[in-house]
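S.K.: can't give you the sequence, but here's the structure:
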Ligand SMILES: Cc1cc2nc3c(=O)[nH]c(=O)nc-3n(C[C@H](O)[C@H](O)[C@H](O)COP(=O)(O)OP(=O)(O)OC[C@H]3O[C@@H](n4cnc5c(N)ncnc54)[C@H](O)[C@@H]3O)c2cc1C
């Protein structure tokens with residue numbers, strides 16, 4: 001049993017494979033479906049198989065989430081909207097009234113949330129708030145909020161006067177909240193840039209202890225980075241299956257895979273995939289053991305995302321020009337994987353953080 005998985009996790013892997021092959025691949029390929037219709041059908045299928053709710057329980061182990069996400073991505077469907085339920089994220093364990101007004105409706109799918117962290121490079125200062133009685137008065141800008149156009153509220157990093165960075169819930173229908181720009185990225189996901197002009201929010205919308213916003217965001221971000229890594233190693237396997245099929249296909253002078261130079265490249269791809277999977281699995285087990293896995297989650301995310309991008313590029317090279325024809329699986333893969341090197345922290349920043357973690361704070365393992 002190469003991944004040393006329990007019988008329960010092997011069953012989950014089977015279940016996710018079945019979900020992918022029985023239903024999701026057909027939904028992915030059905031061009032007649034509108035995006036909302038597809039997402040709704042994906043959600044129903046995922047709920048019926050007990051996969052949808054995995055992300056909603058605080059008790060789901062990192063390894064369980066990895067097995068589910070990796071398997072779905074390995075079947076080329078891990079990116080479909082509607083697969084997993086919204087997780088509590090930063091709102092985990094918020095007290096009343098936020099538990100009823102924001103967390104519960106978000107988990108039920110009645111309210112959508114956006115994560116507002118990234119700011120425009122030319123902003124004169126980070127998004128900030130002054131305190132006015134029972135209210136925070138927020139001003140500033142956020143440049144890249146995925147799903148922001150449809151978000152009912154944002155969880156935003158805000159520098160609160162006298163307290164420091166805090167995660168603050170900002171309802172998007174508040175006076176003073178405006179969308180400066182709506183845009184789509186290469187992978188097909190949709191985003192919004194927000195502006196806050198003296199937006200008044202109740203003071204209890206600041207989550208957690210005053211000033212611990214960055215720490216709170218970073219605590220959550222480790223699990224999100226492991227999510228990205230799981231998608232990347234699943235996609236890596238999917239890329240390998242596309243390439244394997246191409247190398248074995250009969251051609252006039254025999255299959256491509258018979259050439260030593262092609263085998264050299266293919267071997268390199270297999271080694272990279274093996275190394276990335278090993279790193280991601282080790283990190284999930286570390287996280288589940290309750291040990292600090294912040295630096296390892298960074299390492300796993302960086303390595304898996306860089307690896308899958310390298311693999312897609314190598315795959316295109318081996319398959320040839322056909323791989324770049326619109327509609328070819330690898331053409332779609334190029335668009336999908338590129339963002340992984342930027343989301344939840346770009347590679348260079350994360351590498352610098354990793355060095356700081358070890359050299360200045362003595363954290364991290366090899
Ligand atoms: C598809 C997609 C979805 C996203 N969704 C969200 C979202 O929902 N919410 C959100 O808040 N953000 C989101 N982002 C934004 C993403 O987190 C940022 O793009 C990323 O953190 C890089 O920040 P930046 O784009 O502002 O680039 P910059 O910070 O301007 O950095 C540009 C480059 O400069 C270098 N660099 C910058 N700082 C450092 C440093 N300290 N050390 C070393 N090198 C450095 C790196 O090479 C970096 O790639 C999303 C991005 C993408 C592509």
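M.R.: Great, that's in hand. Keep in mind the model is a prediction, meaning the values are calculated, not measured.
S.K.: who are the packing partners of the longest helix along the chain?
M.R.: Criterion DSSP state H: the longest helix present in the chain is helix 213-248. Contacts defined by 3 or more CB pairs under 8 Å, 6 or more residues apart in numbering; DSSP states H and E place helix 213-248 against helix 62-74, strand 153-160, strand 164-171, strand 206-207, helix 260-288, helix 294-319, helix 329-337. Heads up, the C-betas are built off the backbone N, CA and C, glycines and all.
S.K.: do you know which of those lies nearest the ligand?
M.R.: Comparing the helices and strands packed on helix 213-248 by their distance to the ligand (CB to the nearest ligand atom), the top pick is strand 153-160, with 8.1 Å.
S.K.: could you check the angle helix 213-248 makes with that closest one?
M.R.: Compare the direction of strand 153-160 with that of helix 213-248 by axes from the mean of the first three to the mean of the last three CA atoms, to 10 degrees and you get 130 degrees.
S.K.: and the longest helix of the chain, what's buried?
M.R.: Buried residues in helix 213-248, counting neighbours by 16 or more other CB atoms under 10 Å, are found at 213, 216-217, 220-240, 242-243, 246-247.
S.K.: burial of residue 59, as a residue count?
M.R.: If you count neighbours by other CB atoms under 10 Å, residue 59 ends up with 5.
S.K.: neighbouring contacts of stretch 124-134?
M.R.: 119, 136-142, 156-162, 165-166, 168, 196, 200, 202-203 (CB atoms under 8 Å, 6 or more residues apart in numbering).
S.K.: measure that stretch end to end?
M.R.: 27 Å (CA to CA, to the nearest Å).
S.K.: enumerate the residues of the stretch 251-366 of the chain near the ligand.
M.R.: Residues of the stretch 251-366 of the chain found near the ligand (CB under 6 Å from any ligand atom) are 339, 342, 343, 345, 346, 348, 349, 352.
S.K.: where's the residue nearest to the spatial centre of the chain relative to the ligand, distance?
M.R.: In the chain, the residue lying closest to the centroid (CA atoms, centre = their mean) is residue 228, at 4.3 Å. The gap separating residue 228 from the ligand is 10 Å, by CB to the nearest ligand atom, to the nearest Å.
S.K.: ok, now residue 129?
M.R.: To the ligand, residue 129 is 17 Å away according to CB to the nearest ligand atom.
S.K.: parallel or antiparallel, list what pairs with the host helix or strand of that residue.
M.R.: Secondary structure assigned from DSSP states H and E places residue 129 in strand 128-132. In the sheet containing strand 128-132, its partner strands are strand 135-146 (antiparallel), strand 153-160 (parallel), by DSSP bridges.
S.K.: great, nothing more from me.
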